[in-house]
Every structure is written in C-alpha cells, then in structure tokens.
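Novice: One predicted model, sequence on top.
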Amino acid sequence: MRHFSKILYISFAVIAFSGCYGKEELLLNNTKTIVPLYKGEEKSDCDTLVITCIDYRFAFANQEFLNKKLEIEGNYDHISIPGSIYNLVNPSTREIVFSKITKFVNFHLTKRIVIIGHRDCGGYGGSSAFGSEIAEYVYLTTDLKKAKQIIIEKYPTLQIDLYLETLTKEGIQFEKIK
C-alpha cells in the first residue's frame with residue numbers, strides 16, 4: 001500500500017507539472033494592460049463606502065451615478081452583495097455585511113456610506129413578491145431607513161445616504177430617500 005501511495009503521488013506530480021509545462025506558450029504570450037489611476041487613487045484611504053446589489057442591470061448606471069452625479073469618482077470603496085439592503089436588515093445575514101463595513105471604516109477611514117437599493121430585487125423575490133408597486137416602494141424605502149438606523153447605532157458619526165433605483169424605459173432612475 002505504501003508503494004502504491006508513492007506511485008500515485010509521483011504520477012500526480014508529473015501530471016500537474018506537465019499540465020503547467022504545456023501552458024508555457026500561453027504564459028510567454030501574456031500581455032500587460034495598464035489602467036490609469038484616478039486622481040488620489042494611490043492613497044489607501046477613501047471617504048465613502050458604497051453598498052449595492054450585484055444585479056447586473058444596474059451596474060453601469062451605479063458607476064455613472066457615483067462618478068458623475070455624486071462626484072466621488074476614485075474616492076470610494078464598493079461592496080456589492082445580492083439583495084444589498086435585505087442583508088443589512090435581516091438579522092441572520094447582518095453580521096456578514098457588518099464585518100465588511102467594519103474593515104472599511106477601520107482600514108480606509110470611511111466617513112460616509114451610500115446605500116443603493118433597487119426595485120425588482122431578487123433578494124426580496126422580485127417586484128411580484130410585493131403585490132403592487134406602492135407596496136414594493138414602501139417596503140424597500142422602509143428597509144433602507146432601517147439599514148441606516150442599524151449602521152448609525154454602531155457608527156454614529158458616519159453620514160449615511162440612501163437611494164432607491166428603478167429600471168424605467170428611459171433608463172435607471174435614482175431617488176434620494178430621506
């Protein structure tokens with residue numbers, strides 16, 4: 001049995017090595033891509049932490065909104081999680097999100113958090129789970145406000161800004177929630 005284990009180990013090492021060796025050509029043909037830094041990007045701390053859902057339908061609009069409308073280009077960290085606000089207000093998943101928030105607040109000196117929720121969020125079961133547009137709006141804006149209170153309880157000095165986005169025929173609409 002001991003002899004068989006050695007043969008198996010040697011065989012695995014040869015296969016693993018030859019697999020890497022066979023890709024030498026690929027490694028030699030790699031190219032480098034350089035993406036220019038935003039002004040101030042070389043520093044390790046930033047003012048703002050943004051929390052959004054992972055929904056691809058909103059990703060580009062979120063970047064545009066943050067960079068152009070809120071004018072925080074190059075000065076924010078970004079946490080993207082399924083059902084963003086749902087995971088903040090749900091006691092069983094809250095600690096997962098808070099562990100990330102704590103790291104950013106402590107390591108990057110965050111002063112502001114922007115939370116962007118959206119309608120038709122799969123984390124809530126989509127728009128159909130609410131029964132009506134009004135019920136969905138009330139539920140999501142209430143959860144955004146709960147998320148803000150939960151964060152303020154732990155970090156009372158942070159500025160928290162809330163937005164609800166809606167997919168429309170014209171594009172993505174952002175509404176500031178107070």
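Specialist: Arrived safely, thanks for sending. Predicted model only: the values in this text are computed from it and were never measured.
Novice: CA atoms for contacts and neighbours, from now on please.
Specialist: OK.
Novice: looking at it, residue 107 is touching residue 45, isn't it?
Specialist: Yes. The criterion here is C-alpha atoms under 8 Å, and residue 107 meets it with residue 45 at 7.1 Å.
Novice: next helix or strand past the lengthiest strand in the chain?
Specialist: Ranked by number of residues, the top strand in the chain under DSSP state E is strand 159-167. The helix or strand immediately downstream of strand 159-167 is strand 172-177, counting by DSSP states H and E.
Novice: How about residues contacting that following strand?
Specialist: Here strand 172-177 makes contact (C-alpha atoms under 8 Å, 6 or more residues apart in numbering) with 58, 61, 141, 144, 161, 162, 163, 164, 165, 166, 167.
Novice: which residue is nearest the centroid of the protein?
Specialist: By C-alpha atoms, centre = their mean, the mean C-alpha position of the chain lies nearest to residue 80, the distance being 1.3 Å.
Novice: May I ask which helix or strand of this protein has the lowest mean pLDDT?
Specialist: Counting by mean pLDDT, DSSP states H and E, the chain has its least confident helix or strand at helix 2-21, which shows a mean of 42.
Novice: Residue 107 and residue 45 - which one has more neighbours?
Specialist: Between residue 107 and residue 45, counted using other C-alpha atoms under 10 Å, residue 45 has the larger neighbour count: 18 against 12.
Novice: one step back: ok, the residue nearest to the centre of the chain to residue 128 distance?
Specialist: 23 Å (C-alpha to C-alpha, to the nearest Å).
Novice: Give me the buried positions along stretch 154-174.
Specialist: 158, 160, 161, 162, 163, 164, 165, 166, 172, 174 (16 or more other C-alpha atoms under 10 Å).
Novice: And the furthest pair within those?
Specialist: The most widely separated members of the buried residues of stretch 154-174, counting by C-alpha to C-alpha, are 158 and 172 (27.0 Å).
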